[in-house]
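> Sequence below, structure please.
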Amino acid sequence: MADIHEDTLNIPGVVKGGDNSNPTSTKNSSTADLLPDTKQEENTTKNNKNGRVAGGSFLNDLRGNESACAEHGPLTEVDIDMPLTLTQIITKDDQEYILLKFTDDDSQDPFNWSNGRKAWITLLLCLMTLFIGLATTAYSSGINSMVDDLGVSTELGQLGLFCFNMACALAPLFLAPFCELVGRRVVYVGAYALFVICFVGLALGKNIATILVMRTLSGLFGCVGTILVGGTFSDIYRPDERATPMACFSYVAILGTVGAPIYAGFINETIGWRWIEGIQGLSNIPLLLIIFVSLRETRGGVTLHKRAKALRAATGDERYKAKMDLEAKNIKEMLHNSSVKAVHMLATEPVVFAFGLWIAFAWFVTFLFLSVIPITFQEKRGWSEGVAGLPYISLCIGVTIGFGLNFLQIRKYKAILKSRDRKILPESRLYGAMFGAGFLPVGLFIYSFTQYGYLPWIAPTIALAPISMGIFFIFESTYSFTSDCYGENSSSAIAGQGLMRNSLGAVAPLFASQFFHNVGSQYAGLILAIAGTLLTFIPFVMFKFGHKLRERSKLASSQKGGDEQKEKTGLYTSPMV
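Numbers count the residues shown, from 1 in each chain. Next up is the predicted model:
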């Protein structure tokens, strides 16, 4: 048997070599006593594969704590500063590697960061998402002035909304894999900086071509940053901690999208459409600088990758690797998963398509109302452009109420999680949807028949609140349910849903005015309300029959569902994808 290191002999449950002090043994050993101790052999073999490595100033800390992770195996000392790191010898493709892992109390493990640091990162990313959402729709408030200034048609001006959303729809299908390869911080800083630079072209553009190109690039760089937010929360929050930050992220994503016209109309009236873009660009600069200075890399795998690289350089042993080094997928495979597989799942998986259609309808309504609200309050009631943006406050109030009520869903899910006699299933994510999503068609019904000029302005304004409340619940349930259903395949599923959602959001402003003018505001709203009512049955159907659909699916049937699967895969995908 191989020699065992001194540290190894102190492991509980492992018998020291040559120790025959078993009180039950006798000189006349039976045949059974002469058999090899397979348990000892197994423990020794396992221990020979496990170990620890540390070096430099970090060794001083270990000398005061000799037992630190001693049960994991012998300690290898190196001549560089290296925090105590666990090692395990593994074999892959006939190659032997030394895999690095964090210790349970490693301060550089993002899971062990302080609550304050995690909250700060969450705040920065939510603010970034808010500003990107504001940029998406603030543009709409200046379209009429812009097309007059540039001498083009309103339809060409509306293409700016289309270009932004289509970039958000298509870019993640091809760029998401590359974002994962270079680390999150590089993408956040780089993409957000380019996003801010685009405001220069939008504010100073002399022709519609420049404006449309800048809007496309804004959508491209804006969506790249938000692609990674869900993954970042998976990096720093454990599964039972992620519900609240993800709800905050969904909240600000919708809030920014519906809130921009509140102020953008007044800016356009007072100092012109170019300053809508100029003020937004200037307001993003302080946040960009703060993110550049204070946002740290959140992927623990990147930290271990750097440690492995340092160990290879210091020791000359090329076997030192991080898990992300060994699991790095082929670029072609990653592109296939994010594009071809995403579209395939959208077309073949009933769960993906049903929830994709539902959230696409919600996003379609969101962008449709960028044109509908001005019709209701500017055309029919004669309000100025700035004042006509104030009803969007009702949309903000609605999504805020939805965000608050969503904590009931979170509390319900945690109660099920703690219950020993109830199994965690993806359907446990649907209680909020079954309660809250019905507010969307209710709000649409009320809004449809309160647009008459003889009715007070407060009636359609109040109706906007339940619309956005329902949209919030649709967002939350769609992404949490899809993630639980498909586990490691959920990134592809959500990418497909994002393609459908942003595509419908892109086309909505192109015909919203014609739709409501030709059909009539009341009947156009009624059609939307009926469609929303039919789609509201989706969570009820999935709650009852979702398990049967998963059993028939090759991509979902193997998933455990719930946070157990999420902890395995680390998949919490951004609702902005």
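
> give the contact list for Trp113.
By CB atoms under 8 Å, 6 or more residues apart in numbering, the contact list for Trp113 reads 107, 236. Yep, even glycine has a C-beta here, placed from its N, CA and C like the rest.

> go again using 10 Å as the cut-off
Neighbouring residues of Trp113 by CB atoms under 10 Å, 6 or more residues apart in numbering: 107, 119-121, 235-237, 296, 298.

> Gly157 now?
139-140, 142-148, 150, 208, 211-212, 273, 509.

> and those residues, which of them are in helices?
139-140, 143-148, 150, 208, 211-212, 273, 509 (DSSP state H).

> Now, of those, which are buried?
139-140, 143-147, 150, 208, 211-212, 273, 509 (16 or more other CB atoms under 10 Å).

> what's the most distant pair in those residues?
Farthest-apart pair in these is Leu150 and Pro509; separation 17.7 Å (CB to CB).

> Looking at the ones in helices among the contacts of Gly157, which is nearest Arg63?
Arg63 lies nearest to Tyr139 out of those, by CB to CB, at 61.5 Å.

> How many residues are close by the nearest residue to the closest one once chain neighbours are set aside?
Excluding its sequence neighbours, the residue lying closest to Tyr139 (CB to CB, 6 or more residues apart in numbering) is Gly160, at 5.5 Å. Look at Gly160: counted by other CB atoms under 10 Å, it has 24 neighbours.

> Can you point out the buried residues in the host helix or strand of Gly160?
In this assignment (DSSP states H and E), Gly160 forms part of helix 154-182. Within helix 154-182, the residues scored as buried using 16+ other CB under 10 Å are 156-173, 175-177, 179-180.

> Then stretch 521-531?
Under the neighbour-count criterion of 16+ other CB under 10 Å, stretch 521-531 has 521, 524-526, 528-529 buried.

> One more: stretch 243-250?
So for stretch 243-250, counting by 16+ other CB under 10 Å, buried means 243, 245-250.

> For the nearest residue to Ser503 once chain neighbours are set aside, give me its contacts.
Closest residue in space to Ser503, ignoring its immediate chain neighbours: Ala169 at 4.9 Å, by CB to CB, 6+ apart. Ala169 makes contacts with 219, 223, 495, 498-506, 577, as judged by CB under 10 Å, 6+ apart.

> Quick check: Ala169 vs Phe249, distance?
19 Å (CB to CB, to the nearest Å).

> before we move on, what about Cys126?
Remark: distance between Cys126 and Phe249 (CB to CB) = 6 Å.

> any residues in contact with both of these two?
Jointly contacting Cys126 and Phe249 under the rule CB under 10 Å, 6+ apart are Val229.

> I'd like the mean pLDDT over stretch 512-519, please.
Stretch 512-519 shows a mean pLDDT of 90.

> Report the buried residues of that stretch.
In stretch 512-519, counting by 16+ other CB under 10 Å, buried: 512-513, 515-516.

> circling back: quick one, which of the contacts of Trp113 are buried?
120-121, 235-237, 298.

> Now do the contacts for Ser492.
173, 176, 336-346, 349, 352, 486, 555, 573.

> Show the pLDDT at Leu408.
91.

> That one against Phe435, yeah?
Yes - Leu408 lies in contact with Phe435 (CB atoms under 10 Å); the separation is 7.9 Å.

> With neighbour numbers in mind, choose between those two.
Per other CB under 10 Å, whichever of Leu408 and Phe435 has more neighbours is Phe435, with 16 against 13.

> Report the next helix or strand after the helix or strand hosting that one in sequence order.
Assessed by DSSP H and E, Phe435 sits inside helix 431-436. With elements assigned by DSSP H and E, the helix or strand that comes after helix 431-436 is helix 439-448.

> Could you point out the helix or strand that follows that next one?
Counting by DSSP H and E, what follows helix 439-448 is helix 458-486.

> quick one: buried residues of that following helix?
So, applying 16+ other CB under 10 Å, buried residues of helix 458-486: 460-486.

> how about low-confidence regions in the stretch 451-577 of the chain?
Within the stretch 451-577 of the chain, the ranges that satisfy pLDDT under 70 run 488, 557-577.

> Please apply the same query to the stretch 151-300 of the chain.
For the stretch 151-300 of the chain (pLDDT under 70), the answer is 179-180, 225.

> Can you identify each of the helices in it by residue range?
154-182, 184-204, 208-227, 229-236, 243-259, 261-271, 273-294, 300-315 (DSSP state H, counting those that start in this stretch).

> Now tabulate those helices in JSON lines and tack on distance to Thr376.
Formatted as JSON lines, the helices of the stretch 151-300 of the chain follow (distance: least, CB to CB, whole Å):
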{"stretch": "helix 154-182", "distance to Thr376": "18"}
{"stretch": "helix 184-204", "distance to Thr376": "28"}
{"stretch": "helix 208-227", "distance to Thr376": "26"}
{"stretch": "helix 229-236", "distance to Thr376": "34"}
{"stretch": "helix 243-259", "distance to Thr376": "15"}
{"stretch": "helix 261-271", "distance to Thr376": "13"}
{"stretch": "helix 273-294", "distance to Thr376": "22"}
{"stretch": "helix 300-315", "distance to Thr376": "50"}
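
> so which of those helices gets nearest Asp93?
Ranked by CB to CB, the member of those that lies closest to Asp93 is helix 300-315, at 17.6 Å.

> quick one, domains of this structure?
Domain assignment for the chain by automatic domain parsing gives 1-11+41-106+299-328, 114-297, 330-562+569-573.

> Let me have the buried residues of stretch 243-250 in a markdown table, extended by distance to Gly190.
Converted to a markdown table, the buried residues of stretch 243-250 look like this (distance: CB to CB, whole Å):
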| residue | distance to Gly190 |
| --- | --- |
| Ala243 | 30 |
| Pro245 | 23 |
| Met246 | 24 |
| Ala247 | 28 |
| Cys248 | 24 |
| Phe249 | 20 |
| Ser250 | 25 |
